[in-house]
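Student: task: produce atomic coordinates for the following.
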Amino acid sequence: MARYRGPKSKIARKFKEPIFGPDKALEKKGYPPGQHGPNKRRGKKSEYAVQLAEKQKAKYTYGILERQFRKMFGKASRAKGITGENLLQLCECRLDNAVFRLGLAPTRRAARQLVTHRHIKVNGGLVNIPSYELKPGDIVEVREKSKSLEVVANSIAANTKTYDWMDLDKSNFSGKFLGYPPLNDIPENINVQLIVELYSK
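Tutor: The predicted structure is shown next:
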């Protein structure tokens, strides 16, 4: 199952954002990676470079590789509504992202691992596909035997974030996907218009 396996801190420093979660490297080195450090002269980016960087940021944030992301864009462009908003909504309704949003895992990477290791159920049935697309009304829950996992228990206990499109039931280690979130409610700092412009060329 393909996924990005490279250094996380370098990616976070490249975009100057905690793409993969809290990162001490951003505090220590608040400049992009490279052998010349903060003194390297960095020329003005072209329009294409800015658009490409925004697409890469979205892919790294949600843990999606190029082919799959391009397919999602095609689906978003064919659907009714605004293409950019449709694209992020498709990212948000992925099962691994929903597990992360519900607080059942501390990061999207951890959520992906919970799903692939068969710890997560959807509507009562085991699902081990991270890219599984949730529909409004779907119930996501931790399998009974997996509720004792330390990573799950600690994540649920530490979770303080709530989202209008997710209904969390902490006592049962479960949640309901209520619907597709409006673009303004999605907390990720992604300029989808740049991505649409890039793929439209």
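
Student: how long is stretch 170-184 from one end to the other?
Tutor: 26 Å (CA to CA, to the nearest Å).

Student: got it, and stretch 79-88?
Tutor: One end of stretch 79-88 to the other measures 13 Å (CA to CA).

Student: show residues contacting the one helix or strand Val196 maps to.
Tutor: Per DSSP states H and E, Val196 falls inside helix 192-199. Contacts to helix 192-199, defined as CB atoms under 8 Å, 6 or more residues apart in numbering, come from residues 48, 50-52, 54-55, 58, 70, 73, 77, 83-85, 87-88, 183. Every residue, glycine included, has its C-beta placed from N, CA and C.

Student: can you give me the pLDDT of the residue nearest to the spatial centre of the chain?
Tutor: Nearest to the geometric centre of the chain sits Tyr62, at 2.7 Å (CA atoms, centre = their mean). pLDDT for Tyr62: 93.

Student: kindly report the same for Gln35.
Tutor: 58.

Student: Arg108: how many residues sit nearby?
Tutor: Using other CB atoms under 10 Å, Arg108 has 22 other residues around it.

Student: what sits against the residue nearest to it when sequence neighbours are not counted?
Tutor: Leaving aside its chain neighbours, Arg108 sits nearest to Phe100 (4.7 Å; criterion: CB to CB, 6 or more residues apart in numbering). Contacts for Phe100 (CB under 8 Å, 6+ apart) come out as Thr107, Arg108, Ala110, Ala111.

Student: list every C-alpha atom in the strand or helix carrying Phe100, with coordinates, as PDB.
Tutor: Element membership of Phe100 [criterion: DSSP H and E] is helix 95-101. C-alpha atoms of helix 95-101 as PDB (Å, rounded to 0.1, in the frame of the first residue of the first chain):
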ATOM      1  CA  LEU A  95     -11.900   7.000   6.400                       C
ATOM      2  CA  ASP A  96      -8.400   7.600   7.700                       C
ATOM      3  CA  ASN A  97      -9.100  11.400   7.900                       C
ATOM      4  CA  ALA A  98     -12.400  10.700   9.800                       C
ATOM      5  CA  VAL A  99     -10.600   8.500  12.300                       C
ATOM      6  CA  PHE A 100      -8.200  11.400  12.900                       C
ATOM      7  CA  ARG A 101     -10.900  14.100  13.100                       C
END
